[in-house]
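> Sequence and predicted structure are below.
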Amino acid sequence: MVALLPARYQQGKMPYVFFFALVVIAVLLTYAVVSPYAYASVMFSSFAACLLVLLVLVNRGFSLNWAIHLGTGLGACMMFYAVWASGGVYSPRLAWLLIVPLTPFYVIGRRAGFFWLLAVLVLQGVMVMSNHLGWIQSFETGTAHVFSSFLTYTLVTCVLIVVPLMYDHMYRQVLEKSRNHQRELEAKREELEHTSAMREHFIATVSHELRTPMNAILGFNALLLSRVQDKPEALKVLNHTHQSADHLMTVINDILDYSQLQTGQLVIQLETFELRPLAEHAFELFKLRVDSMDLSYRLVLDDKLPVWVTTDRNRLLQVLVNLLGNALKFTHQGSVVLRVKWTHPGVEFSVQDTGIGIAKERQDQIFKRFMQAENDTQTLYGGNGLGLAISQKVAQLLGGEIGFESESGQGSRFWLRLPLMPAAAPAKSAEQHLLPLQSAGTAWTFLVADDHPVNRLLLKQVLQNAWPQSTVLEAVDGEKTLEVLRQHAVDLVFMDMVMPVMDGIDATEFIRQDAMDRIRQVPVLGLTANVNPVDLVRFKAAGLSDVMLKPFDPAQLCHRVEPLLLAKGGAA
């Protein structure tokens, strides 16, 4: 039936208004026929005609609310006259005034309903006063009024239930529509969660696949660098290779770090370290690049700086490297200066350059992801637009803030302020990598479990360089690892996490549950390119003695391995 209505009456509450108006018109025409009063035919027919006119006007664009108010007002006046002419408060027609507020209340709103309720109460009060003062004729009785009075009460009763039923039907439709919308939102939420999970899985997979070859590139590069110190040309080539590989690792780490920041998985690892060596290390990382540039590259350290501080050493180094890298990228002549200053309290790190600077209208975009100062910056200078966005998030996680001052064509000054306070030196202040290996002459037996032959070759070279008398066994998956352990006495296992057939997590769990003491108690060092925090927690929980991420530094690896070997030897 709704489809047969004019277009204006097919949406929202309009069908109910239309059908209710038709019901009222039908009731009015019925009264025009059956009412015993002489005025009834003309009055009721006229009001029905007015309602028809209002329906036509609304269909042509007239305001529905004003139409409801006009129809209600005309109806109230007509009913008031009918009641006045038929006995006032004694007339059964007074019941019609009960339904006057219903239509405005359900169609327009609560305020309109209360307004007409107040109007009806005023009319009833006037009627009572008029009866009391004798202004209204006595109520007529007789058989002529029996049918019309019966019809009045019957129709009023029906109308009183029809309007709420219509409203209830409309409410159910709206509720069902809301539930359908809720189901759509729930489905969309599940789809977005699935997409997010797939994205995280994709990023973790890509990161693993990128870090695996980078492990070989950086590892073999480090081995070659240690052997060509007396060959300047080869040293120069290998240094350039190392610089390019480091740049690629920065891009990989930026993408992974931003993903972890978005999901709240990036955590801060606090440690106590010497501040000056850290700043010097960040500064020295770019010396090779600066040597080929016409730049003044300086490090200025405040004499009042605390010796030891506590924060996340690696994240602080990451921010400093980002700031220095950006400054050198956009500065072709002049100077780049790294200053570290004590601010009573706290420490301010600043990188000032004489580069291209940042235009005023672009400065509010600098810390946004994938944004750079100009549209052609990426083409001219490279970069991925993530470094500063990540640096800002890391600065906040460290409890500090990051900012800059810059003018186009006159350079920039980026600063990082952290609430660092002087800390007591840790118990062991000597760096392990400066100490020689105590067990270099021992004939250890190592087992390398990794499905990539290049990674196994790299690790074998590193181990045999550090322990020349050692034996290095190999396995391509978790099952082969268990077989080798049953056949040979092994002093330490290097376990990759992601392998076919059986991964490193399951293999480590089987090792820790083995019935043979020598297998169950063998040290297991996790060595993985998977940096997903959830996977790393599972890997550690499987029973690892320690874990390192690929790509690894050969010297650091050896000094992480030796305590495990010495502890095993002492236990034996």
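That came through fine. Residues are numbered from 1 along each chain as shown.

> what residues are up against residue 39?
residue 85 (C-beta atoms under 8 Å, 6 or more residues apart in numbering). No exception for glycine: its C-beta is placed from N, CA and C like everyone else's.

> Phi, psi for it please.
Per-residue torsions, residue 39: phi -80, psi -10 (degrees, to the nearest 10).

> need the helices for the stretch 401-550 of the chain, in chain order.
453-466, 478-487, 504-512, 517-520, 533-541 (DSSP state H, counting those that start in this stretch).

> Repeat that for the stretch 101-250 of the chain.
102-103, 110-133, 146-225, 232-262.

> quick one, which of those is packed in tightest?
Among those, helix 102-103 has the highest mean neighbour count (mean count of other C-beta atoms under 10 Å), at a mean of 22.

> so what secondary structure elements neighbour it?
Judged by 3 or more C-beta pairs under 8 Å, 6 or more residues apart in numbering; DSSP states H and E, helix 102-103 is in contact with helix 64-85, helix 146-225.

> Nearest to residue 550, out of those helices?
Comparing the helices and strands packed on helix 102-103 against residue 550 with C-beta to C-beta, the closest turns out to be helix 146-225 (3.8 Å).

> How far does the closest one sit from its chain's centre?
Centre-to-centre, helix 146-225 and its host chain are 16 Å apart (C-alpha atoms, centre = their mean, to the nearest Å).

> Check which helices and strands that helix is in contact with.
The helices and strands touching helix 146-225, judged by 3+ C-beta pairs under 8 Å, 6+ apart, are helix 14-34, helix 102-103, helix 232-262, helix 453-466, helix 554-571.

> To residue 486, which of the ones you listed lies closest?
Judging these by C-beta to C-beta, what sits closest to residue 486 is helix 554-571, at 18.3 Å.

> Please name the residues that touch the closest residue to residue 486 other than its chain neighbours.
Spatially, and ignoring its direct neighbours in sequence, residue 486 is nearest to residue 519 (7.0 Å; C-beta to C-beta, 6 or more residues apart in numbering). Contact analysis of residue 519 by C-beta under 8 Å, 6+ apart lists 485-486, 511.

> Buried subset of the residues you listed, written for PyMOL?
To isolate the buried members of the contacts of residue 519 in PyMOL, using 16 or more other C-beta atoms under 10 Å:
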select buried, resi 485+511
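
> from the contacts of residue 519, which is closest to residue 285?
residue 511 (38.5 Å).

> So that closest one is in contact with residue 522, correct?
Yes. Under the criterion of C-beta atoms under 8 Å, residue 511 makes contact with residue 522 at 6.7 Å.

> intersection of neighbour lists for those two?
485, 493.

> just to revisit the earlier point, confidence score at the residue nearest to residue 486?
Looking at residue 519, its pLDDT is 93.

> Look up how far residue 544 lies from it.
15 Å (C-beta to C-beta, to the nearest Å).

> Could you do residue 160 as well?
77 Å.

> Equivalent analysis for residue 73, please.
83 Å.

> now swap in residue 115 and tell me
From residue 115 to residue 544 the distance is 75 Å (C-beta to C-beta).

> for residue 492, same thing?
12 Å.

> any residues in contact with both of those two?
524-525.

> Would you mind putting the helices of the stretch 101-250 of the chain into JSON lines with mean pLDDT and distance to residue 342 alongside?
Output for these, formatted as JSON lines (pLDDT from 0 to 100; distance: least, C-beta to C-beta, whole Å):
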{"stretch": "helix 102-103", "mean pLDDT": "85", "distance to residue 342": "77"}
{"stretch": "helix 110-133", "mean pLDDT": "92", "distance to residue 342": "66"}
{"stretch": "helix 146-225", "mean pLDDT": "80", "distance to residue 342": "35"}
{"stretch": "helix 232-262", "mean pLDDT": "69", "distance to residue 342": "29"}
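
> which stretches of the stretch 1-150 of the chain have low pLDDT?
The stretch 1-150 of the chain contains residues with pLDDT under 70 at 139-144.

> Mind doing that once more with 90?
1-44, 47, 55, 59-61, 64, 75, 78-110, 131-150 (pLDDT under 90).

> that older thread, for residue 444, which of the helices and strands packed on helix 146-225 is the nearest?
Nearest of these (C-beta to C-beta): helix 554-571, 6.1 Å.

> ok, how many other residues are close to the closest residue in space to residue 477 that isn't next to it in sequence?
Spatial nearest neighbour of residue 477, excluding adjacent residues (C-beta to C-beta, 6+ apart): residue 501 at 4.1 Å. Using other C-beta atoms under 10 Å, residue 501 has 12 other residues around it.

> for residue 424, what are its contacts?
With C-beta under 8 Å, 6+ apart, residue 424 has these contacts: 272, 308.

> Against residue 545, how distant is it?
From residue 424 to residue 545 the distance is 29 Å (C-beta to C-beta).

> How about residue 175?
Distance from residue 175 to residue 545, by C-beta to C-beta: 60 Å.

> Contacts only, for residue 462.
219, 223, 554, 557-558.

> pretty sure residue 307 contacts residue 422?
Yes. Using C-beta under 8 Å, residue 307 is in contact with residue 422, at 7.3 Å.

> list the residues that contact both of these two?
Counting by C-beta under 8 Å, 6+ apart, nothing touches both residue 307 and residue 422.

> Give me the neighbour count for the nearest residue in space to residue 156 that is not next to it in sequence.
Of all residues beyond its chain neighbours, the one nearest residue 156 is residue 95 (4.4 Å), with distances taken as C-beta to C-beta, 6+ apart. Taking other C-beta under 10 Å as the neighbour definition, residue 95 ends up with a count of 18.

> quick one: secondary structure of residue 95?
helix (DSSP: H, G, I helix; E, B strand; the rest coil).

> Kindly report the same for residue 319.
helix.

> Please identify which helix or strand holds the closest residue to it other than its chain neighbours.
The shortest distance from residue 319 to any non-neighbouring residue, by C-beta to C-beta, 6+ apart, is to residue 391 (4.6 Å). Assessed by DSSP states H and E, residue 391 sits inside helix 387-397.

> what's that helix packed up against?
helix 232-262, helix 313-329, strand 401-407, strand 411-418.

> For residue 465, find the nearest of the ones you listed.
Here helix 232-262 is closest among the helices and strands packed on helix 387-397 (C-beta to C-beta), at 16.4 Å.

> Outside of whichever helix or strand comes after that closest one itself, list whatever touches it.
Next helix or strand after helix 232-262 toward the C-terminus (DSSP H and E): strand 271-274. For strand 271-274, contacts defined as C-beta under 8 Å, 6+ apart pick out 307-313, 423-426.

> How is the protein divided into domains?
Annotated domains of the chain cover 2-141, 270-418, 437-571 [automatic domain parsing].

> How far off centre is the shortest one?
When you say that, I think you mean domain 437-571. 37 Å.

> For the stretch 451-572 of the chain, give me the ranges with low pLDDT.
In the stretch 451-572 of the chain, residues with pLDDT under 90: 452, 454-455, 498, 528-536, 549-556, 559-560, 566-572.
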